[in-house]
Each structure stands twice: as structure tokens, then as C-alpha cells.
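**Student:** Fold the following.
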Amino acid sequence: MSSLGGVSVVRAVKKRWRKIALLAVISVALATWASLGLLTKKYQAHTTLLVQPLVPAEGISYDQLLTNERLTVTYGEIIKSYTIARNVIKTLGLNTTETKLLRKLSVSPVKDSLVLALRVTDPDPDLAIKIAAAFASDFVRKLPDFMHVENVSVLDSARLLNSGRPVSPNPALYAGVAFFLALNTGIGVSILLEYLNRTVDDEDTLEQVLSAPVLGVIPVYPAPAVIEGGDRKPSKRVPCVDDPRSSVAEAFRSLRTGIRHIPFEHVIRTILVTSPLPLEGKTSVAVGLAACLAQEGRQVLLMDCDLRHPSVHEFFDLSNERGLTDVLAARHSLPDCVFPTQVSGLKVLPAGQLPPDPAGVLSQIGFSALLESFRNTYDTVILDAPPLLSAADGQILGKLCDGVLLVVKADATQTESVRRSKRLLARVGARIIGSVLNAKRPDRRGHYGYSVF
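**Tutor:** Modelled structure (predicted):
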């Protein structure tokens with residue numbers, strides 16, 4: 001695709017072609033309406049004068065003129081003089097000045113001839129003819145007084161041009177110019193917006209920035225609000241369970257399919273789900289993916305490894321009083337901290353009591369051993385981790401897992417945040433298996449019509 005200053009012109013236009021087209025249509029309509037209804041119509045009358053190369057008996061001789069063409073040009077300047085204009089105003093009884101009248105007149109020699117063409121433009125077609133005829137006849141009558149010659153005659157009587165139709169305004173011309181300007185303005189603005197836009201807004205951008213496949217696109221899903229403590233808060237929902245026929249549930253099933261067909265040599269059993277920054281929907285994606293994998297018949301464990309702001313338990317109405325940290329600290333046994341859910345085959349290990357040093361807890365040998373035991377017990381283990389750019393936890397977990405799934409919020413996450421996340425994961429040797437574009441709004445054609453978290 002062609003580019004301009006690092007911005008894909010084709011992509012910029014493709015994203016906003018409807019707005020560009022609408023701008024062009026509106027501009028053409030306004031130009032046409034203005035030219036037909038607002039602007040004054042003007043007509044143009046035309047007449048010609050023939051300059052004959054006759055040698056005068058007295059006065060200025062032709063030998064004193066450089067060429068016949070120069071003589072024609074001289075006559076043209078005489079016609080446009082204030083003296084001739086004043087005579088025309090007097091003859092026709094016009095209520096105007098010489099300057100205003102001469103603005104309506106144009107005089108030009110016809111190329112390679114001794115003919116002068118006079119054109120007069122006026123809103124009144126009849127008056128345009130009269131003015132053109134008056135200029136021609138008055139010049140022929142007054143020329144002997146100026147130059148003592150009589151070698152000019154009227155070749156064509158004054159008549160309207162353009163078959164009597166107005167020469168101005170020209171709706172077709174104005175519409176064409178408006179279309180051209182609107183089209184170029186729309187393209188220019190699109191390129192500028194594309195250049196200024198630093199967010200990830202589609203799959204192509206995310207795939208290009210991350211250098212990894214986009215395994216799923218999750219549409220916006222307005223979860224119904226619930227009353228909690230007098231405040232309305234969005235409820236935590238599992239689309240594949242609560243609304244299995246929605247486009248969101250279908251999007252998670254597509255994500256499941258994408259993960260199942262990742263072309264890696266080794267089987268991927270432990271998947272870390274994280275995001276560059278908070279509020280990008282990484283927990284919702286982790287929950288939705290885990291539920292879809294379990295519905296496929298797998299034994300799945302969903303671990304809440306966000307030991308700073310855990311929320312996995314809220315999706316399944318579970319308690320967070322005991323969980324991962326309690327197992328590692330030997331306060332509770334593992335069976336007491338792993339909870340079944342309403343989804344057959346899916347179990348949840350909440351975060352548990354929040355430690356003062358989350359990164360230190362996740363760096364313990366005990367956590368690595370626990371994760372390895374889960375790898376041998378479950379078909380798939382999904383780990384929900386803190387955002388990569390907010391804490392070091394994600395890098396620690398990424399190194400321990402088989403693959404990392406990066407969640408990016410459409411039209412919100414900056415491309416530079418994605419690049420920084422990629423560098424952090426690469427630094428610890430973590431493998432990015434792909435990404436998820438989350439909260440993608442539907443386009444005008446109705447895609448993602450049911451409208452994630």
C-alpha cells in the first residue's frame with residue numbers, strides 16, 4: 001500500500017471512505033444549489049470588429065506602427081478607454097460609472113487575424129447585447145477623431161453567446177470543483193487523522209505492531225447493571241454461559257479455535273492472559289476463554305494471578321477469602337482453594353489474601369512447582385495477570401507459561417504501549433502466541449451487532 005510519511009494512504013482512505021463520500025456529495029449538492037439558487041445568472045454578448053490594413057491619407061501612417069497585430073492591440077486599448085465607456089453610458093442612459101461598466105467588457109484580438117472580439121457580461125441579456133453593440137459602434141464612430149483613420153468596421157453584430165443560456169454561474173463546473181476539493185480535503189484530513197492516531201483501532205494495526213497474529217476480536221458488550229450498595233455497577237458476565245447465542249460468545253468460540261490451531265511445536269497448556277495497561281478487559285477475556293475451552297470438553301483451571309486487583313472470583317460469585325496465596329503460604333490446602341463453577345470442566349483458583357509483595361510471591365519456587373503440577377493435571381491452565389506496564393508480575397508469569405495472550409482494547413490502547421509490552425516479554429523470553437482485540441465497536445454494516453466487557 002502507498003504511504004505518506006509512514007501513514008498508509010490506502011488504509012486511511014479505506015477506514016473513512018464513507019465520510020469522504022458523504023463530504024463530496026454534500027459539497028456537490030451545496031455547490032449546485034448555490035449556483036442555481038443563490039448566485040446571479042449572467043449572460044454574455046459577443047461582437048467582432050475587422051481592422052483593415054489601409055494606408056490613411058493623412059495622420060499616423062501604418063509604417064509608424066510595428067505590425068498589424070500591434071495596431072489591433074492598440075485599438076483594443078482604445079475601446080476600453082474611459083472616453084468610449086462614457087459615450088456608451090450616455091448613449092444608453094445607464095446608471096453606472098465608467099469603471100463598473102468596463103468591468104463587464106473584455107476585448108481580445110483573435111489570434112493570427114485582424115479581428116477584435118468584444119464580450120460583454122451582464123445579468124440582463126438584452127442589456128448585454130446593447131452594451132456590446134454600443135461599444136463597437138461608438139469606437140468605429142470615434143476612431144477617426146483619435147487616429148485620423150477609418151479602417152475599422154463591425155464584422156458581426158452583437159449577439160448572445162452560449163445559445164442564449166447564462167455563462168455564469170456554471171453549475172456543472174462548480175459541482176466538479178466542489179467534488180474535487182471535497183475529495184482531496186477528505187483524503188487529506190483522513191491522512192492527518194491517521195497520522196495523529198496513536199491507538200490500535202483494527203486487527204491490521206495490532207498485528208503489524210505486535211508481529212503476532214490476532215487470534216480473536218471481541219465486540220463491545222454492554223453488561224446489564226446491578227445495584228450494589230446503592231450504586232449501579234456493571235455485572236460480571238460469562239458470555240458463553242449467560243448469553244451463548246450472542247456475537248460475543250461466538251467471538252470467544254472463534255478465539256478458542258484460533259488458539260487450538262496455533263502452529264507451535266509443543267502443546268500449549270499454560271496460557272497467560274494480560275494487557276499493556278489496566279481497564280483493557282484482560283480478566284473478562286481470560287474468563288470467557290476459559291469457559292469456552294471447558295465447554296469444548298477440556299479440564300480447565302482458571303488462576304487469578306492478579307495479586308493486586310483480583311476480580312476473577314466476581315464472575316462466578318465466589319469468595320476470595322482463600323486462594324493462591326493461601327496455598328503458597330500453607331494456610332489452606334489446595335483442594336480447599338480450588339472451586340468448581342457452573343461450567344462443567346472449569347475450576348477457579350482465586351487470588352486469596354493480597355500479599356505485600358506480589359512479585360516476590362510469584363517468583364517463589366513453590367509457585368513454579370504448583371504451576372507445573374497443574375500442567376500435568378489439567379488440559380489447559382489460564383492465568384489472569386496484572387497489566388505488563390503496571391507491574392513486573394506479568395513478566396515473571398510470562399516466562400513460566402507456554403504462551404502469552406495479549407489483550408488490547410480497540411481505540412484506546414496506544415501502539416507504543418503494545419510495543420513496550422512486546423519488548424518486556426521478549427526480554428524475559430516469554431512467547432507471545434497472539435493477541436485479542438477487545439471492545440471492538442460495530443461498524444455501519446452491523447458487524448458485532450449484539451455488541452465485551
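
**Student:** tell me the contacts of S108?
**Tutor:** In this structure, S108 makes contact with G76, L116, A117, judged by CB atoms under 8 Å, 6 or more residues apart in numbering. For every residue, glycine as well, the C-beta is placed using N, CA and C.

**Student:** do that again at 7 Å, thanks
**Tutor:** G76, A117 (CB atoms under 7 Å, 6 or more residues apart in numbering).

**Student:** Same question for D393.
**Tutor:** With contact taken as CB under 7 Å, 6+ apart, D393 is in contact with C305, L307, P358, A359, L362, A385, P386.

**Student:** Leaving out the residues flanking it, which one is nearest to it?
**Tutor:** Of all residues not flanking D393 in the chain, P386 sits nearest, at 4.7 Å (CB to CB, 6 or more residues apart in numbering).

**Student:** and if you look at P109?
**Tutor:** Nearest in space to P109, with sequence neighbours left out and distances taken as CB to CB, 6+ apart, is T72 at 4.4 Å.

**Student:** next helix or strand past the longest helix along the chain?
**Tutor:** Assignment by DSSP state H gives helix 171-196 as the longest helix of the chain. Using DSSP states H and E, the helix or strand that directly follows helix 171-196 along the chain is helix 203-210.

**Student:** Just want the angle from that next one to helix 171-196.
**Tutor:** Taking axes from the mean of the first three to the mean of the last three CA atoms, to 10 degrees, one finds that helix 203-210 is oriented at 30 degrees with respect to helix 171-196.

**Student:** Can you tell me the SS state at V217?
**Tutor:** Three-state secondary structure (criterion: DSSP: H, G, I helix; E, B strand; the rest coil) places V217 in strand.

**Student:** Can you name the residues that contact it?
**Tutor:** With contact set as CB under 7 Å, 6+ apart, V217 has these partners: E203, A251, L437, K440.

**Student:** and with 10 Å instead?
**Tutor:** Contacts for V217 (CB atoms under 10 Å, 6 or more residues apart in numbering) come out as 202-203, 206, 251, 254-255, 410, 435-440, 447-448, 452.

**Student:** Can you name the two of the residues you listed that sit furthest apart?
**Tutor:** Farthest pair in the contacts of V217 (CB to CB) is S435 and H447. Separation: 18.9 Å.

**Student:** neighbour count winner among the two?
**Tutor:** For the pair S435 and H447, the greater number of neighbours falls to S435 (27 against 12), based on other CB atoms under 10 Å.

**Student:** The more buried one bridge partners, please.
**Tutor:** Taking DSSP bridges, one finds V214, L406 as the beta-bridge partners of S435.

**Student:** How is this structure divided into domains?
**Tutor:** 3-39+169-193, 43-164, 199-440 (automatic domain parsing).

**Student:** okay, now L293: neighbour count?
**Tutor:** Around L293 there are 27 other residues, counting by other CB under 10 Å.

**Student:** from memory it sits against K347, does it?
**Tutor:** No. Checked against CB atoms under 10 Å, the pair L293 and K347 is beyond contact range at 12.0 Å.

**Student:** Residues in contact with both of the two, list them for me.
**Tutor:** Q299, V300, L302, Y378.

**Student:** and P340, how many residues sit next to it?
**Tutor:** Neighbour count of P340, defined by other CB under 10 Å: 12.

**Student:** Next up, the contacts around the nearest residue to it once chain neighbours are set aside.
**Tutor:** Setting aside the residues directly before and after it, P340 is nearest to K347 in space (CB to CB, 6+ apart), at 5.6 Å. K347 sits next to 290, 294, 299-303, 316, 338-341, 377-378 when contact means CB under 10 Å, 6+ apart.

**Student:** Surely K347 is in a helix?
**Tutor:** No. Assessed by three-state DSSP, K347 does not belong to a helix; its assignment is strand.

**Student:** Can you give me the pLDDT of it?
**Tutor:** pLDDT, K347: 97.

**Student:** Also the one 4 residues further on?
**Tutor:** Model confidence at A351, given as pLDDT, is 97.

**Student:** so where is the stretch 1-150 of the chain shaky, pLDDT-wise?
**Tutor:** Within the stretch 1-150 of the chain, the ranges that satisfy pLDDT under 70 run 1-8, 11, 53-69, 148-149.

**Student:** Go again with 80.
**Tutor:** Low-confidence regions of the stretch 1-150 of the chain, defined here as pLDDT under 80, cover residues 1-17, 34-39, 52-71, 112-114, 145-150.
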